[in-house]
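Participant: Got a sequence here, can you model it:
(one chain, ligands or ions: 2)
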Amino acid sequence: MIRKSAFITGVNGQDGAYLARFLLDDGYEVHGMVRRASMQRNDRIADIARHIHLHYGDMTDAGNLLRLIKNVAPQEVYNLAAQSHVQVSFDTPEYTANVDALGTLRLLEAIRILDMQDDCRFYQASSSELFGNSHAAVQNEQTPFAPASPYAAAKLYAYWLVRNYREAYGLHASNGILFNHESPLRGDEFVSQKIACAAAAVKRGEDTMLTLGNLDSRRDWGHAKDYVRGMWLMLQQDKPDDYVLATGRAETVRWFVEKAFECVGINIEWRGTGLDETGFCVASGRPLVAVDPRFYRPVDVGHLCGDASKARKALGWDAAVKLETMIEEMVSAQMSKQ
Ligand code: NAP
Ligand code: G4F
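Facilitator: Numbers count the residues shown, from 1 in each chain. Ligands and ions are numbered 1, 2, ... in the order given. The predicted structure follows:
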């Protein structure tokens, strides 16, 4: 039997690691692109690295991407590589645009220049950040975009480019408009992992204080392993299209803190408002959570809640993992790190 081949940019990121596992389990020949670093950071794929063909590459290097696509000749390309941190994009807007927007252009151009548009399907990691502060209570594929960060603006360029290459050149290219998804493999600087890490540290007896920015922000959090299945499903359809993947449930950052600390037997009570708001341990009275304006963004997206009806109907996709179960998994993984 001939194995299908897939090429994943950002294979050592959170989603790349879950997707590589998913594709290997399905019998794919998996190729992944990693950046050269002075200390290689392939921890997330350490257990499967020997089954993946790893290639050095960078989204900022067009010739490199062209050679990789030519040599690998994949049937499916999953473009997951990105400068993916929204707050960081305010500090590095040009770099974020280079990687997230122009990087996508370079990859699409490689497929076009190599005349591979009939043999290769393309998945683009689009984001619910595209909706920004669109004021819609629930967002779906019809909701107007209102990007509110350099990250979202760069992703919007990539989103339209994917649609353009689909229409102009007949490329099977799809956008997955994914709402936040987390896991034990989530980067430490995203709010979910930061909270899970702090809850575990307090439980271990460490003298630590969790400092956060906007506690009122609401996000629709799902589990990464459900979302990578959705990426794959999009490329198995006869026709390319754009799909929202989401759970349909939004909670605040404050709520996430309460649930994570509950996982280690600590109830949080909030006192004060704004910059003075503090989360105390109900049993001991010890302050555990404080607000630090360093984590405020110049503009924040206050409310994201997705409607994945289209993906449910057309792809048979659903978010299987319940939010509370995912938080328990993340805190428990942090506890076992010691
Ligand atoms: P992640 O953990 O930050 O992974 C990003 C990956 O991109 C890493 O492997 C990173 O490599 C790589 N990368 C960054 N800059 C690169 C460059 N210049 N050249 C090559 N590779 C580069 O992100 P994730 O959570 O897995 O997300 C995957 C994709 O989905 C991203 O495009 C993200 O923007 C998008 N997305 C994520 C979510 C979510 O909630 N997770 C939701 C919607 C969309 P290093 O390890 O070397 O940094
Ligand atoms: O965890 P976050 O940094 O995720 P954010 O900004 O929603 O972006 C993630 O999801 C997007 C999909 O919607 C992806 F496209 C993107 O690549 C990334 O994966 O922040 C979530 C919320 C924000 O409103 C933020 O202001 O939490 C708030 N927050 C409050 N305190 C904090 C903190 N965020 C971080 N990272 N750190 C804090 O201390």
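Participant: Can you tell me the closest non-neighbouring residue to residue 70?
Facilitator: Nearest residue to residue 70 in three dimensions, chain neighbours excluded: residue 114, at 5.6 Å (C-beta to C-beta, 6 or more residues apart in numbering). For glycine as for every other residue, the C-beta is placed from the backbone atoms N, C-alpha and C.
Participant: how near is the one you found to residue 107?
Facilitator: 11 Å (C-beta to C-beta, to the nearest Å).
Participant: show me where pLDDT drops low in the stretch 101-250 of the chain?
Facilitator: Along the stretch 101-250 of the chain, no part satisfies pLDDT under 70.
Participant: near ligand 1, which residues of it show up?
Facilitator: 125, 127, 178, 180-181, 187 (C-beta under 6 Å from any ligand atom).
Participant: Let's see that with 8 Å instead.
Facilitator: By C-beta under 8 Å from any ligand atom, the residues of the stretch 101-250 of the chain that approach ligand 1 are 103, 125-129, 151, 155, 176-182, 185-187, 190, 224, 227.
Participant: For ligand 1, what's its nearest residue on this structure.
Facilitator: residue 13 (2.1 Å; C-beta to the nearest ligand atom).
Participant: Stretch 231-250: end-to-end distance?
Facilitator: 22 Å (C-alpha to C-alpha, to the nearest Å).
Participant: Sorry, wrong one. I was asking about stretch 215-234.
Facilitator: 34 Å.
Participant: buried ones in that stretch?
Facilitator: 215, 217-234 (16 or more other C-beta atoms under 10 Å).
Participant: Out of these, which are close to ligand 2?
Facilitator: 215, 217, 219.
Participant: My understanding was that residue 268 contacts residue 287; is that so?
Facilitator: No - between residue 268 and residue 287 there is no contact under C-beta atoms under 8 Å: 10.2 Å.
Participant: More neighbours: these two, which one.
Facilitator: Under the criterion of other C-beta atoms under 10 Å, the comparison of residue 268 against residue 287 puts residue 268 first, with 19 against 13.
Participant: mind listing what the residue found closest to the more buried one once you drop the neighbours it is linked to in the chain touches?
Facilitator: Using C-beta to C-beta, 6+ apart and skipping the chain neighbours, the partner closest in space to residue 268 is residue 279 (4.5 Å). When the contact criterion is C-beta atoms under 8 Å, 6 or more residues apart in numbering, the partners of residue 279 are 210, 257, 261, 268-270, 287-290.
Participant: do the same with residue 56
Facilitator: 33-36, 64.
Participant: measure it to residue 253 for me?
Facilitator: For residue 56 relative to residue 253 (C-beta to C-beta), the value is 37 Å.
Participant: Report pLDDT for the residue of the chain closest to ligand 1.
Facilitator: Residue 13 carries a pLDDT value of 98.
Participant: shift numbering so it begins at 4
Facilitator: Shifting the count to begin at 4 puts that one at residue 16.
Participant: Can you check the distance spanned by stretch 42-52, start to finish?
Facilitator: OK, stretch 42-52 end separation, C-alpha to C-alpha: 16 Å.
Participant: check whether stretch 274-289 contacts ligand 2.
Facilitator: No - on the criterion C-beta under 8 Å from any ligand atom, stretch 274-289 is out of touch with ligand 2, staying 11.8 Å away.
Participant: tell me the contacts of residue 116?
Facilitator: Contacts of residue 116 (C-beta under 8 Å, 6+ apart): residue 69.
Participant: again but with residue 188, I slipped
Facilitator: So residue 188 contacts 17, 20-21, 47, 227 (C-beta under 8 Å, 6+ apart).
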